[in-house]
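Novice: pasting the structure only:
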């Protein structure tokens, strides 16, 4: 044994007592053991990296290699080899009957070995999660997460049993008796801790994210994440503390994806008065052809409809043929107008569509994305779009719908009085 050899080597040092020499020999033996294990880990980590980074492996299994590097499998494998070496070399460096460092260092080595294998198991699960976790047909990510939780629980159980020098079943028996009490007393911290793990592992949010959670009145930036709460500073500078568990169990909106994409959505409707929807007559069509954005569209559409009506139409009724409508032409104009704006992201979806009619008219929805995510610029772009569309509606002889107000009733009454006051106006009555 190395400790005995070191003890004999220190034997000529007479001014040291036997206990001191024994302690020094054991301490030096332990330090040499740690150095050997550290050297084994470094050497095998380098060998494993050289092997997997070789062109033979990287060219044939690029996706598997990417998964291993993402899960840090290569480095952990080196530590596992060092743990196996520690199991076999421990008796050579540290004797079982070591009086001073033997009992303590036995536990330390045991915890190191268990930790290495625990991290190896979780790394393998992370590799499977990287390869198959996002399978759209079979949602396996939850299974892999549950597997990691089981591995961590088993590892913690074995580590506790090593620390107290008891069998794992003894620990399980003690924990089961105290579980009910702990769940009752530490309910909120336990739920918050579990939620915190889920928030971190799933990357649901981080400090600096803009989140919206209507149930808690949160609409602002995450400023702090603790064990049990997430602190949000709203845009009106108020502070809201949201329980971490609620962020897992209840829906909330995280706007970080919008900032990463660099585009922000506009989704707003113009309610059209259905009484103003009609076919285009010759005068209106002639005026609309002067609009550059839709002149080519109208020329092509008129030629198409004329050819169709000559073959299938019947002049006895307007319903026997195809005709352009003012709302359809306005919808095409809105699309062309959005396509001409440099402030609109043309790589994203851009459309103008009709929604189901309501008592407030026919909604015409503008759906597009701005090329910026800055709030002030976004609001300015959105306002400019609707300012323009509301202003040009009259050119298409369309009018927006709005509920009658006092001014409307007053205008109608004045119009009626003006009509009655005209010379020659008569009131028609029945007998």
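Specialist: That came in fine, so what should we check first? Keep in mind that what you see is a predicted model, and the values were worked out from it rather than measured. Numbers count the residues shown, from 1 in each chain.

Novice: my guess is residue 93 meets residue 32, correct?
Specialist: Yes: under the criterion of Cβ atoms under 8 Å, residue 93 makes contact with residue 32 at 6.3 Å. (C-beta placed from N, C-alpha, C; glycine too.)

Novice: who's more crowded, these two?
Specialist: Between residue 93 and residue 32, counting by other Cβ atoms under 10 Å, residue 93 is the more crowded of the two (24 against 15).

Novice: residues of the strand or helix carrying residue 59 that come out buried?
Specialist: Secondary structure assignment for residue 59, by DSSP states H and E: helix 55-60. Within helix 55-60, no residue is scored as buried using 16 or more other Cβ atoms under 10 Å.

Novice: just how off-centre is that helix within its chain?
Specialist: 33 Å (Cα atoms, centre = their mean, to the nearest Å).

Novice: quick check: what element follows it along the chain?
Specialist: Past helix 55-60, the next helix or strand by DSSP H and E is helix 62-70.

Novice: that next one - contacts with which helices or strands?
Specialist: helix 102-132 (3 or more Cβ pairs under 8 Å, 6 or more residues apart in numbering; DSSP states H and E).

Novice: other SSEs contacting the helix or strand just after the helix it packs on?
Specialist: Remark: after helix 102-132, the chain's next helix or strand is helix 141-163, criterion DSSP H and E. Judged by 3+ Cβ pairs under 8 Å, 6+ apart, helix 141-163 is in contact with helix 102-132, helix 168-185.

Novice: which positions in the shortest one come out as buried?
Specialist: By that I understand helix 168-185. By neighbour count on 16+ other Cβ under 10 Å, the buried set for helix 168-185 is residue 171.

Novice: for it, packing partners?
Specialist: Where contact means 3+ Cβ pairs under 8 Å, 6+ apart, helix 168-185 is packed against helix 141-163.

Novice: with the first one instead?
Specialist: When contacts are defined as 3+ Cβ pairs under 8 Å, 6+ apart, helix 102-132 packs onto helix 62-70, helix 73-93, helix 141-163.

Novice: pick the most deeply packed of those helices.
Specialist: helix 73-93 (a mean of 18; mean count of other Cβ atoms under 10 Å).

Novice: name the SS class of residue 221, please.
Specialist: Secondary structure of residue 221, reduced to three states by DSSP: H, G, I helix; E, B strand; the rest coil: strand.

Novice: then residue 268?
Specialist: Classification of residue 268 using three-state DSSP returns strand.

Novice: excluding chain neighbours, what is closest to residue 172?
Specialist: In space, and not counting its chain neighbours, residue 172 is closest to residue 157: 7.0 Å by Cβ to Cβ, 6 or more residues apart in numbering.

Novice: er, residue 322 actually
Specialist: residue 305 (4.7 Å).

Novice: likewise for residue 271?
Specialist: Nearest non-adjacent residue to residue 271, counting by Cβ to Cβ, 6+ apart: residue 361, 3.9 Å away.

Novice: tell me who's in contact with that neighbour.
Specialist: Listed by Cβ atoms under 8 Å, 6 or more residues apart in numbering, the contact set of residue 361 reads 271, 272, 273, 274, 400, 401.

Novice: select only the buried ones of those residues in ChimeraX?
Specialist: In ChimeraX, this line selects whichever of the contacts of residue 361 come out buried by 16+ other Cβ under 10 Å:
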select :271,272,400,401
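
Novice: max pairwise distance over the contacts of residue 361: which two?
Specialist: Across the contacts of residue 361, no pair lies farther apart than 274 and 400, at 11.4 Å, counting by Cβ to Cβ.

Novice: so what pLDDT did residue 258 get?
Specialist: Predicted confidence (pLDDT) for residue 258: 88.

Novice: what strand or helix carries it?
Specialist: Using DSSP H and E, residue 258 falls in helix 256-261.

Novice: can you list the residues that contact that helix?
Specialist: So helix 256-261 is contacted by 205, 206, 209, 210, 264, 265, 373 (Cβ under 8 Å, 6+ apart).

Novice: distance to residue 79, secondary structure and neighbour count added to the residues you listed, as CSV?
Specialist: Listed next are those as CSV, based on distance: Cβ to Cβ, whole Å; DSSP: H, G, I helix; E, B strand; the rest coil; neighbours: other Cβ atoms under 10 Å:
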residue, distance to residue 79, secondary structure, neighbour count
205, 32, coil, 19
206, 29, coil, 12
209, 34, coil, 18
210, 40, strand, 19
264, 46, strand, 22
265, 47, strand, 16
373, 43, coil, 17
